[in-house]
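Asker: Any chance you could fold what I've pasted below:
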Amino acid sequence: LHQCDLIVQSLVLAKEDSFGNKYLVGYVTPAHQFNKEAIVSYLRAKLPEYMVPTIWVEVEQFPLTPNGKIDFEALPKATVIQPYTNQYEAPRNSAEATMAGIWQHLLGVAAISIHENFFDVGGHSLNAMRLVSLIKKRMEMEISISDIFIYPTIAGMLKNFNEKSKNPLLASLNIKYLVPIKTGGSKLPLYIVAGGGGTALKFKKFSELLSNDQQVYVLQPPINSKELKEFPNDIEGIAAKFIEEIVIQNPQGPYSLSGHCLGGIIAFEMARQLQAQNKQVQLLIMFDTILNETVEPLPPTLKNFYQLPETLRKLVSKLSLKIDFEMYLLRRHPRQSLIYKTNSLKSLIHKISGGKIYARKPNHTGLEIFNEASEIYSKAYKKYKLVPYNGKIILFYAKEHYFFLDTLKNVEFKRLYLDERTKNMWNQYADNIEVHDVEGEHSEIFDPVHGDAFAHLLQGYLNSGHR
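Answerer: Here you go, the predicted structure:
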């Protein structure tokens, strides 16, 4: 947010309502006139939806304490915002009124039209998960994340539920993992397997850059604890579950499969299983899926490193990552680098001078479920044995590989350099491969700011089935 030219000064705080739900409030001093839509658009191009504040407060000047720090207690109170896309239409019955109340509570809005799109007024994967839970608790209705994507309005969601209730066949389909993010087109669907902890929302804006008649579906792990406990813990099992759902949606095929990060490994196994079932795999595409198998023997230096005690190994790794991160920050974001170093120095002085150290309480943000899903994928990959695939793999690699994980508590980072040998490592597991570099960092390649050329190239493959 500090890097946005529309902002002079900013602060983002995590708040909690009376129900225990977390939300973000952005306090900003604008450079000129306050333009919330432009700021939100800027952030959405760089961050996941759940990291974009849902409530905004314009601050002419940030209040300070006597020692020059921001006085959090004196900040103006965050007030609810009004919906801003569709003309307001009030609930027409008690069910719509109850659901509108749930939406207002989750999204921090004073009123919500029954035709308002959930994702246009601050909805994201985290509060979509909460929406499913609250509707079940307060209305005794079973809806899925997929339902929210297909019917993202109050009126549409209730109409769909009523139709399902009258049609046992629709209710029995029980789609859990397949999320339609772009439907109705004439082209065969592209199925994207989200990476560990990723959700369908990551690909929503990118899908809009593809051809208007290109259908796109995302396969993601469940985002509630109960279903996650029943989710397979091996790549073969996850692939089989995902295949069950795409075959319900598209019984005959052919299938264009893809996956981001570890999702590419699952897509690879899905392609193998579909071929074993005599089904046609038209395309297999991987988005920044990096094999970390080592084909050649480790050099002596690395062999010695891995013989070090684990504690010392972790210490060396952390130190090298920290240095690498600080150098990256200095080169790419000098202003942020200065703020980072200044705050680190202040913290050190505060501790040395005997200042009170505030221990953070565990901050359960609801993001833990995404970390759990990521852990399942990582463990499954570690025990997966790659077997050659009878076909071609199209590989898209990000040009940058800095990984940031912001859990509203801390930032983790690491850097990965991809040489040609690493990029071509998939050659030993396919008939042939095609490799393309795409703009952006690993987690940002689907952002609209990078997406046009990438989407055009991808659509070319989807149009022809191969190139």
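
Asker: Please make it C-alpha for all contacts and neighbour counts, starting now.
Answerer: Fine.

Asker: In its sheet, which strands sit next to the helix or strand hosting G259, and in what direction?
Answerer: Secondary structure from DSSP states H and E places G259 in strand 255-260. The pairing partners recorded for strand 255-260 under DSSP bridges are strand 190-193 (parallel), strand 281-287 (parallel).

Asker: Not counting its own residues, what contacts the last one?
Answerer: Under the criterion CA atoms under 8 Å, 6 or more residues apart in numbering, residues 253-261, 264, 267-268, 271, 274-275, 392-397, 462, 465-466 lie in contact with strand 281-287.

Asker: Which among those residues count as buried?
Answerer: Neighbour counting by 16 or more other CA atoms under 10 Å classes 253-261, 264, 267-268, 271, 274, 392-397, 462, 465 among these as buried.

Asker: Can you measure across stretch 130-150, start residue to end residue?
Answerer: 17 Å (CA to CA, to the nearest Å).

Asker: Please work out the average pLDDT along it.
Answerer: Model confidence over stretch 130-150, given as mean pLDDT, is 83.

Asker: Ok, stretch 189-202 next?
Answerer: Averaged across stretch 189-202, pLDDT comes to 87.

Asker: now swap in stretch 236-246 and tell me
Answerer: Mean per-residue pLDDT for stretch 236-246: 95.

Asker: Would you mind giving the domain segments of this structure?
Answerer: 7-74, 177-293+333-344+367-467 (automatic domain parsing).

Asker: mind listing what's buried in stretch 92-112?
Answerer: Counting neighbours by 16+ other CA under 10 Å, stretch 92-112 gives 96-109, 111-112 as buried.

Asker: State the number of residues packed around N117.
Answerer: N117 has 21 neighbours, counted by other CA atoms under 10 Å.

Asker: what residues are up against it?
Answerer: Listed by CA under 8 Å, 6+ apart, the contact partners of N117 are P152, T153.

Asker: Same question for K182.
Answerer: K182 makes contacts with K204, S207, E208, Q214, Q215, V216, Y217, as judged by CA under 8 Å, 6+ apart.

Asker: Check the secondary structure at the last one for me.
Answerer: What that stands for is Y217. Classification of Y217 using DSSP: H, G, I helix; E, B strand; the rest coil returns strand.

Asker: before we move on, the earlier item: what does the strand holding G259 contact?
Answerer: 188-195, 264-267, 271, 280-289, 462.

Asker: In ChimeraX, select just the buried ones from those.
Answerer: Command for ChimeraX, covering only those of those found buried under the criterion 16+ other CA under 10 Å:
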select :188,189,190,191,192,193,194,195,264,265,266,267,271,281,282,283,284,285,286,287,288,289,462
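
Asker: quick one: contacts for V28?
Answerer: By CA under 8 Å, 6+ apart, the residues touching V28 are I7, V8, Q9, S10, L11, W56, V57, E58, V59.

Asker: K69 - how many residues pack around it?
Answerer: For K69, the neighbour count with other CA under 10 Å is 10.

Asker: Sorry, slip of the keys, the one I care about is G68.
Answerer: Neighbour tally, G68, other CA under 10 Å: 8.

Asker: So it lies in a helix, does it not?
Answerer: No - assignment of G68 by three-state DSSP gives coil, placing it outside any helix.

Asker: Got the confidence number for it?
Answerer: So, for G68, pLDDT stands at 79.

Asker: what's the spacing between it and L13?
Answerer: In terms of CA to CA, G68 sits 19 Å off from L13.
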